[in-house]
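> Build me a model:
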Amino acid sequence: MNSWHEIFTINEKTMIMENNQKVAEVLNDLIEINNDRINGYERAIKELQGDDSDLKDIFTGYIDQSRNLRNTLGTEVQGLGAKMEEGTTASGKIYRAWMDVKALFTGKDRKTVLDNCEFGEDAAQKAYKSALETEGLPAYLFALINRQKEELKNAHDEVKALRDQEKLTHEHA
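The predicted structure is shown next:
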């Protein structure tokens, strides 16, 4: 017969394993969002015209940023004993399809590309906000996710500013 202490220890280990699995799933969702972001910016670079080299440089920086964020999250997932996600989200597929459709109707101008990038940045912010609301998230991971969210918020704000600037240029042309 098991003692109460043995039963409690078994239950505690089970609860920790279940929580680790839940936390790993949340981190993997963020990995997928960063994979979406990488794909989105690679696609955006292909959509740009030759005279948009300033955006190509910015977007390449965002690709590198997401690779670094993804790798940091992946290390944490593996530390929890889970496997790092390598794919993209369903929303990422929707995002890319939405970009394709919009490009067909509006052409591949700078403003359209920036509109699509801002849409993607909004999705990333929502995903990170949702992750921060997860119950049972260890404090160190909450801090990590919050730091990454702020880093991505800076990119979001830069894309939005570029888009707004482009909008003004079109209105005054």
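
> Mind listing what's buried along the helix or strand that contains G61?
For G61, the host element (DSSP states H and E) is helix 53-79. Residues 55, 58-59, 62-63, 65-66, 69-70, 72-74, 76-77 are the ones in helix 53-79 that count as buried (16 or more other CB atoms under 10 Å). C-beta coordinates here come from the backbone N, C-alpha and C atoms, glycine included.

> Let me have those residues in a markdown table, extended by pLDDT and distance to E135.
Converted to a markdown table, those look like this (pLDDT from 0 to 100; distance: CB to CB, whole Å):
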| residue | pLDDT | distance to E135 |
| --- | --- | --- |
| L55 | 93 | 40 |
| I58 | 95 | 36 |
| F59 | 94 | 35 |
| Y62 | 96 | 31 |
| I63 | 96 | 32 |
| Q65 | 97 | 28 |
| S66 | 95 | 26 |
| L69 | 97 | 23 |
| R70 | 96 | 24 |
| T72 | 97 | 22 |
| L73 | 97 | 19 |
| G74 | 96 | 23 |
| E76 | 96 | 17 |
| V77 | 95 | 18 |
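
> The longest helix anywhere in the chain to helix 53-79, inter-axis angle?
The residue-count maximum for a helix in the chain (DSSP state H) belongs to helix 4-47. Counting by axes from the mean of the first three to the mean of the last three CA atoms, to 10 degrees, helix 4-47 lies at 160 degrees to helix 53-79.

> by contact count, what packs against helix 4-47?
helix 53-79, helix 90-106, helix 110-132, helix 139-171 (3 or more CB pairs under 8 Å, 6 or more residues apart in numbering; DSSP states H and E).

> close enough to count as contact, K153 and A124?
No - the pair formed by K153 and A124 falls short of the contact definition of CB atoms under 8 Å, at 9.1 Å.

> The two: which is more packed in?
A124 (23 against 14; other CB atoms under 10 Å).

> so who does that one touch?
I33, N34, D36, R37, L152, H156 (CB atoms under 8 Å, 6 or more residues apart in numbering).
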